[in-house]
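Novice: the sequence and its predicted three-dimensional model are supplied below.
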Amino acid sequence: MTIRVLICDELPVIADGLKIILDAVPDIDVVGTTHNGMEAIILVRTKRPDVVVTDLNLQTISGLELIRRLDKEDEPPNVVVFTSSDADKTVSDVLHSGVSCLLDKGASLQELITAIQAAAAGQTMLAPSIARRLVTWFRAQPEPQGAAACPEAIELTPREREVTRMVARGMSTEEVARELIIGEATVRTHLYRVRTKLGVRDRAELVSLAYRTGLIRPAGQPFDAGPLLPSSSQWAT
């Protein structure tokens, strides 16, 4: 399957250079380039890219604002942030915006290609230096104390709960679609509705909530709705 890509960078020379390089990759088709955040939104609506590769510095609106606005589209594309900054604030802002793939501009061409492929499949890829910092931070956190209540989860449909559990177990959008015999766009729509109902901004928060509330248990532990709902019978599929 060919991955349709839109490239956004404040410097046209970088965007054009990436287009030339990525167009040579057999399964990637660069459908456009822009240095303008507002124009990027228009291109997403007209060109329908699978993946948007963007820097955080753009004209008219920032890359972060672009990401937030794209997330509100009916069928939002997956995003790879390709930036020169890996400061803690930048990493936090990017991950909380819903992005799963984050690279710095010191990344190799193969790393960028792999990130684009991962984003298209609904998977996560982080620059090694960023991944190490996140692992260090995670290990410093206290052990979870138990399931937390989440009354909003009662609004989820059986299919939305099923998709949530599969994603929380690490399955990509493509894998979920294949397992449930539905389209990838349908999976993305389910995830968008789940995020809206539960008030989470991205997959990372969704997975965290799924474990904290008991919607999904770590490997080896039986499923238990716990205090997630007023009555576990309401979760019957």
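Specialist: Everything's here; your move. Remember, predicted model here, so these are calculated numbers, not experimental data. Residues are numbered from 1 along each chain as shown.
Novice: what about the helices in the chain?
Specialist: Here the chain has its helices, by DSSP state H, at 12-23, 37-47, 63-70, 88-96, 109-120, 128-139, 158-168, 173-180, 184-198, 203-213.
Novice: now render the ones you listed as JSON lines, adding distance to residue 77 and mean neighbour count.
Specialist: Just so you know, the C-beta spots here come from the backbone N, C-alpha and C atoms, and that holds for glycine as well. What follows is the helices of the chain, written out as JSON lines (distance: least, CB to CB, whole Å; neighbours: other CB atoms under 10 Å):
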{"stretch": "helix 12-23", "distance to residue 77": "15", "mean neighbour count": "15"}
{"stretch": "helix 37-47", "distance to residue 77": "6", "mean neighbour count": "18"}
{"stretch": "helix 63-70", "distance to residue 77": "6", "mean neighbour count": "20"}
{"stretch": "helix 88-96", "distance to residue 77": "16", "mean neighbour count": "16"}
{"stretch": "helix 109-120", "distance to residue 77": "8", "mean neighbour count": "19"}
{"stretch": "helix 128-139", "distance to residue 77": "22", "mean neighbour count": "11"}
{"stretch": "helix 158-168", "distance to residue 77": "17", "mean neighbour count": "19"}
{"stretch": "helix 173-180", "distance to residue 77": "12", "mean neighbour count": "18"}
{"stretch": "helix 184-198", "distance to residue 77": "9", "mean neighbour count": "18"}
{"stretch": "helix 203-213", "distance to residue 77": "14", "mean neighbour count": "19"}
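Novice: and those helices: which comes nearest residue 6?
Specialist: Set against residue 6 and scored by CB to CB, these come closest in helix 37-47, at 5.6 Å.
Novice: and the angle from that closest one to helix 63-70?
Specialist: 40 degrees (axes from the mean of the first three to the mean of the last three CA atoms, to 10 degrees).
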